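In: Test case, fold it:
(one chain, ligands or ions: 1)
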Amino acid sequence: MAPSFSEGHALMYDELNLKSGNKVLEVGVGTGISLKHYPANVIVDAIDASEPMLKEAQENIEEGVGADIRLQCMDAHHLEFDNDSFDCSIIAHAIAVVADPDMVLKEMIRVTKPKGRIVIVNHYKEHPGILERIWNPIRKRLGLGRQIDLFQIIENNGLELLKSKNVNRISSKLLVCKIP
Ligand SMILES: C[S@@+](CC[C@H](N)C(=O)[O-])C[C@H]1O[C@@H](n2cnc3c(N)ncnc32)[C@H](O)[C@@H]1O
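Out: Numbers count the residues shown, from 1 in each chain. Got it, this is the predicted structure:
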């Protein structure tokens, strides 16, 4: 699936406005196919609930990345970080996979500093048609999650939406939000 996600993966870190020494949280890092796009000299805590995914992510890191990336096995619903630990945070193709997207977003807001950015990349279809309804069960089986209203959970959590951009061949949104 990597080529289907590559456009969003290549663009999403730019939206974090990262500076040298910034601390970033990445939730649901998976096999780490996006990690090569991180700029150098940022410090990343990348978490996932799956040990086999993290093992592959470690192999991708060993192939060469510029950032200082630490991998940890962790449930996104209960982030084991103090409040305001990160300058910004990111979740790509995982918000619709977790059991409770709202709880995960609240956790990301808790551990990210006020005024920090949260970037969400995910499959999104405003008006799902017949093809989408056929494709949805397949998406679930592939581990890509269900259709959720990204804009609603952003609004419900009081985030300011700075940018919404269409990315990827599989109709995804790249959403840039700011914590008040
Ligand atoms: C479709 S993959 C996306 C991987 C990667 N972010 C990407 O864009 O290629 C979704 C990831 O979310 C992880 N995940 C699902 N539920 C989780 C949870 N509760 N806590 C942490 N990670 C979770 C899965 O293990 C999987 O690696």
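
In: Tell me the secondary structure of the residue of the chain found nearest the ligand, please.
Out: Residue nearest to the ligand within the chain (CB to the nearest ligand atom): residue 30, separated by 2.5 Å. For every residue, glycine as well, the C-beta is placed using N, CA and C. Recorded secondary structure, residue 30: coil (DSSP: H, G, I helix; E, B strand; the rest coil).

In: Now the phi/psi pair for it, please.
Out: Note on residue 30: backbone dihedrals following degrees, to the nearest 10 are phi 60, psi -140.

In: repeat for residue 83
Out: For residue 83, the backbone dihedrals (degrees, to the nearest 10) come out as phi -60, psi 150.

In: Who are the contact partners of it?
Out: Going by CB atoms under 8 Å, 6 or more residues apart in numbering, residue 83 touches 110-111.

In: now residue 88
Out: Counted by CB under 8 Å, 6+ apart, residue 88 has contacts 16-18, 22, 24-25, 112, 116-119.

In: Describe which strands the helix or strand where it lies pairs with in its sheet and in which direction.
Out: Taking DSSP states H and E as the definition, one finds residue 88 inside strand 86-92. Under the criterion DSSP bridges, strand 86-92 sits next to strand 23-27 (parallel), strand 112-123 (parallel) in its sheet.

In: Show me what the next helix-or-strand element following that strand is packed against.
Out: Using DSSP H and E, the helix or strand that follows strand 86-92 in sequence is helix 101-111. The elements that helix 101-111 packs onto, with contact taken as 3 or more CB pairs under 8 Å, 6 or more residues apart in numbering; DSSP states H and E, are strand 23-27, strand 86-92, strand 112-123, helix 150-156.

In: again, 6 Å this time
Out: If you count contacts as 3 or more CB pairs under 6 Å, 6 or more residues apart in numbering; DSSP states H and E, helix 101-111 packs onto helix 150-156.
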